[in-house]
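**Student:** any chance you can model this:
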Amino acid sequence: MSEDADIGPAAALLNAGSKARVPLRSVLMTIFIDVGMPRGGVLTAGGLQSLLAGLGYSKGAVRTALVRAVQAGDLVRAQTVDGAAGYGFSTSRRITAGRAVRRLYAARSPIEAPSWLLVHVTDLRPEERDRLSRAGFRSVRRGLHIRPETDISVEQAIPVRAIVARGRLTLPPDAVKPFRPENLRQEFDEIALALTALLEQSDDLVDLPVEQVASVRIAALHRWRHLMAEFEPLPGASGADDGWAVEQARAAVMQTYLLAADSSDEWLDTEVGIAGRRRATRIRDRFNPSL
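**Tutor:** Residues are numbered from 1 along each chain as shown. Just a heads-up that it's a prediction; the model follows:
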């Protein structure tokens, strides 16, 4: 499929509401989390091309993205049993992805974060400001940056000269607002509506060929991964999420994923993975309400 080919349901779902095509390298990371990690970690280049064709990406684009992901340290090349080209997460990326798995596949909202992490530093260099931003900190006053204390790895982004504090804070609404932008609220609405409509139109995915079902699974999960990366529980910010369709979106993603997994797992085992059947115990942990 060329990048200008007709847009199928999975590609339409993946790119809905986006002004530009979703970056392929980002989608690759979702695939290695969802498909690679339970299947020994290594996926074939040919299988990735087949899966990503349903999302509108050409074989050439996939080859280029794989090379660049290796150069960036996200993936490593791996030899498969039959000599075909294979790829897997680098050690650092696998650790990072592992931290995100529990929250990505959670069947219910997490409890609120226990406290805020506050950083005070006034003479930030541009690269330091960028690191804080990528780590989820938001500037709420001059020299004052905060984020929920949910991931100790973010402390690596804090300049050593900064004053750091942790604890319960009483914040005015304007300090909480950067964590709940309007466009993020709209994305929850959009994915809930889009997935509900897709399931209705496809008779719960029954009308789609298996390779398209696999692509829909990845598209839904990638949209959800993006939302979960941006939407963190806030300590003591009662009312901040009123009117947000977070649980409606979670329910739609969970229903779509579980329906898609039922029919696409075997295809992914044989066409994309190289280590035989998936590790069923790890699959059962995904969107399991008993966990």
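
**Student:** check which helix or strand Trp224 maps to.
**Tutor:** helix 210-230 (DSSP states H and E).

**Student:** what is that helix packed up against?
**Tutor:** When contacts are defined as 3 or more Cβ pairs under 8 Å, 6 or more residues apart in numbering; DSSP states H and E, helix 210-230 packs onto helix 9-15, helix 24-31, helix 45-53, helix 91-104, helix 182-201, helix 246-271. Where you see a C-beta, it was placed from the backbone N, CA and C, and this is true even at glycine.

**Student:** least reliable of these going by mean pLDDT?
**Tutor:** In terms of average pLDDT, helix 91-104 trails the rest of the helices and strands packed on helix 210-230, at a mean of 89.

**Student:** in that helix, what counts as buried?
**Tutor:** If you call a residue buried by 16 or more other Cβ atoms under 10 Å, then helix 91-104 has these buried ones: 93-94, 97, 103-104.

**Student:** for stretch 116-135, same thing?
**Tutor:** Neighbour counts using 16+ other Cβ under 10 Å place 116-119, 121, 124, 128, 131-132, 135 of stretch 116-135 among the buried residues.

**Student:** then stretch 68-86?
**Tutor:** With burial defined by 16+ other Cβ under 10 Å, the residues of stretch 68-86 counted as buried are 69, 74-76, 78, 80, 86.

**Student:** helices of the stretch 51-200 of the chain, start to end?
**Tutor:** If you assign secondary structure with DSSP state H, counting those that start in this stretch, the helices in the stretch 51-200 of the chain sit at 59-71, 91-104, 126-134, 173-176, 182-201.

**Student:** in a helix, Gly243, correct?
**Tutor:** No: inclusion of Gly243 in a helix is not indicated when DSSP: H, G, I helix; E, B strand; the rest coil is applied; the result is coil.

**Student:** okay, it: pLDDT?
**Tutor:** Gly243 carries a pLDDT value of 86.

**Student:** and the residue nearest the centre of the chain?
**Tutor:** Arg225 (2.3 Å; Cα atoms, centre = their mean).

**Student:** so it makes contact with Ala100?
**Tutor:** Yes: assessed by Cβ atoms under 8 Å, Arg225 is found in contact with Ala100 at 7.5 Å.

**Student:** picking up where we left off before, so which of the helices and strands packed on helix 210-230 is nearest Arg39?
**Tutor:** Each of the helices and strands packed on helix 210-230 has some distance to Arg39 by Cβ to Cβ; the shortest is helix 246-271, at 6.9 Å.

**Student:** so which of the helices and strands packed on helix 210-230 gets nearest Ile158?
**Tutor:** helix 91-104 (17.7 Å).

**Student:** tell me what that closest one is packed against?
**Tutor:** The criterion is 3+ Cβ pairs under 8 Å, 6+ apart, and the helices and strands that helix 91-104 contacts are helix 210-230.

**Student:** could you check how far the closest residue to Ile158 other than its chain neighbours is from Glu230?
**Tutor:** The spatially closest residue to Ile158, leaving aside those adjacent along the chain, is Val119, at 5.5 Å (Cβ to Cβ, 6 or more residues apart in numbering). For Val119, the distance to Glu230 equals 19 Å [Cβ to Cβ, to the nearest Å].

**Student:** try Val27
**Tutor:** Applying Cβ to Cβ, the value for Val27 to Glu230 is 17 Å.

**Student:** looking at these two, which is more packed in?
**Tutor:** Taking other Cβ atoms under 10 Å, Val27 and Glu230 do not tie; Val27 has more neighbours (24 against 14).

**Student:** can you pull the pLDDT of the closest residue to that one other than its chain neighbours?
**Tutor:** Leaving aside its chain neighbours, Val27 sits nearest to His222 (5.6 Å; criterion: Cβ to Cβ, 6+ apart). As summarised for this prediction, His222 has a pLDDT of 97.

**Student:** can you verify my assumption that His222 contacts Leu28?
**Tutor:** No: counting by Cβ under 8 Å, His222 does not reach Leu28; the two are 9.9 Å apart.
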